[in-house]
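In: this one's sequence-less:
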């Protein structure tokens with residue numbers, strides 16, 4: 001193919017793909033929850049139909065170099081560090097989700113809990129779907145294409161923007177709503193900067209896979225029950241804070257280790273352009289996130305707590321109710 005026939009990737013085009021992915025994922029995951037109880041199946045369908053398919057069509061029609069956006073082949077060290085980083089970040093991300101959900105429950109109202117992520121599916125299928133396929137397809141959009149197209153903001157700016165968009169994407173792709181944004185932001189930051197230091201999107205995808213593998217492997221198992229029994233119900237107590245802080249420290253340590261052994265940047269990086277009017281799809285995406293939040297907060301308000309608050313004794317006890325783990 002003649003190089004003149006190849007379209008240079010633009011941030012505007014990447015953001016339009018993000019808008020399509022956000023709308024499609026929300027329609028499938030949120031819109032079909034009442035008809036299809038299996039969240040694992042809904043996420044798999046959304047990843048293929050709303051993320052993978054539009055990205056493939058765009059690459060085919062506009063001859064976008066999606067494969068080239070992944071960067072070079074990652075070193076084994078980068079892949080292992082990414083997997084371990086994502087797994088280590090599961091507990092601090094879970095704590096952020098639990099804490100956010102608790103505060104929203106207390107201040108706005110309770111969001112009716114969805115079914116467990118592994119309900120209605122074999123454990124092995126859940127591991128493959130949620131731990132490998134879905135984070136790989138999402139990683140192709142965020143770390144393989146969007147972060148690459150945001151290079152006009154600089155390496156750090158591109159990583160921060162992509163991580164923020166990944167966090168907002170959790171409003172549609174997970175069952176936690178706004179309670180899941182901070183947890184997703186933590187994973188997004190780790191994946192984005194892993195992609196930067198490894199000079200390969202496969203490093204960021206490894207972080208997503210490492211994080212996503214923990215949940216189907218642990219949820220509804222005796223090991224999970226023992227873990228949360230040991231940590232107790234006091235969310236802001238010493239056990240939870242120590243465990244979450246330890247996981248965050250391990251993840252950041254692995255990121256710094258990867259940074260120390262970072263890959264050399266490419267000598268002649270591919271040309272990227274911002275594209276005129278890139279702010280429009282970004283504003284549309286933000287408006288859609290506010291619309292999703294409007295629906296969630298309205299639902300929470302209809303389930304507002306009507307009980308007197310407990311005496312203030314300097315501690316916060318997590319309300320025990322059947323919510324799925326992150």
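Out: Received, thanks. Keep in mind the model is a prediction, meaning the values are calculated, not measured.
In: Assign a three-state SS to residue 233, would you?
Out: Counting by DSSP: H, G, I helix; E, B strand; the rest coil, the backbone at residue 233 sits in coil.
In: residues near it, how many?
Out: Here the neighbour count serves as a burial measure; for residue 233 (other Cβ atoms under 10 Å) it reads 13. For glycine as for every other residue, the C-beta is placed from the backbone atoms N, C-alpha and C.
In: With residue 274 instead?
Out: Here the number of neighbours of residue 274 (other Cβ under 10 Å) works out to 15.
In: Repeat that for residue 130.
Out: When counting by other Cβ under 10 Å, one arrives at 24 neighbours for residue 130.
In: For the host helix or strand of residue 46, which helices and strands make contact with it?
Out: Assigned by DSSP states H and E, residue 46 falls within helix 39-46. In terms of contacts (3 or more Cβ pairs under 8 Å, 6 or more residues apart in numbering; DSSP states H and E), helix 39-46 is packed against helix 155-173.
In: Just the buried positions in the next helix or strand after the helix it packs on, please.
Out: Secondary structure here is assigned by DSSP H and E; on that basis, the next helix or strand after helix 155-173 toward the C-terminus is helix 181-198. When burial is assessed from 16 or more other Cβ atoms under 10 Å, helix 181-198 yields the following buried residues: 181-198.
In: Where does pLDDT dip in the chain?
Out: Residues of the chain that meet the criterion pLDDT under 70 lie in 1-8, 34, 37, 64-69, 114-120, 263-273, 275, 305-326.
In: Spatially central residue in it, please.
Out: Nearest to the centroid of the C-alpha atoms of the chain, with distances taken as Cα atoms, centre = their mean, sits residue 184, at 4.3 Å.
In: For the residue nearest to that residue when sequence neighbours are not counted, list the residues it contacts.
Out: Closest residue to residue 184 in three dimensions, ignoring its sequence neighbours and counting by Cβ to Cβ, 6 or more residues apart in numbering: residue 170, at 3.6 Å. Contacts of residue 170 were listed using Cβ atoms under 8 Å, 6 or more residues apart in numbering, and they are 176, 180-181, 183-184.
In: ok, so what distance separates the residue nearest to the centre of the chain from residue 122?
Out: Separation of residue 184 from residue 122 (Cβ to Cβ, to the nearest Å) stands at 26 Å.
In: Now do the helices in the stretch 1-150 of the chain.
Out: Remark: helices of the stretch 1-150 of the chain, listed N- to C-terminal, are 11-25, 39-46, 53-61, 66-69, 76-88, 90-107, 123-128, 134-141, 147-149; assignment by DSSP state H, counting those that start in this stretch.
In: Redo those helices as JSON lines? Include mean neighbour count.
Out: Shown next, in JSON lines, are these (neighbours: other Cβ atoms under 10 Å):
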{"stretch": "helix 11-25", "mean neighbour count": "22"}
{"stretch": "helix 39-46", "mean neighbour count": "22"}
{"stretch": "helix 53-61", "mean neighbour count": "15"}
{"stretch": "helix 66-69", "mean neighbour count": "16"}
{"stretch": "helix 76-88", "mean neighbour count": "21"}
{"stretch": "helix 90-107", "mean neighbour count": "20"}
{"stretch": "helix 123-128", "mean neighbour count": "16"}
{"stretch": "helix 134-141", "mean neighbour count": "24"}
{"stretch": "helix 147-149", "mean neighbour count": "27"}
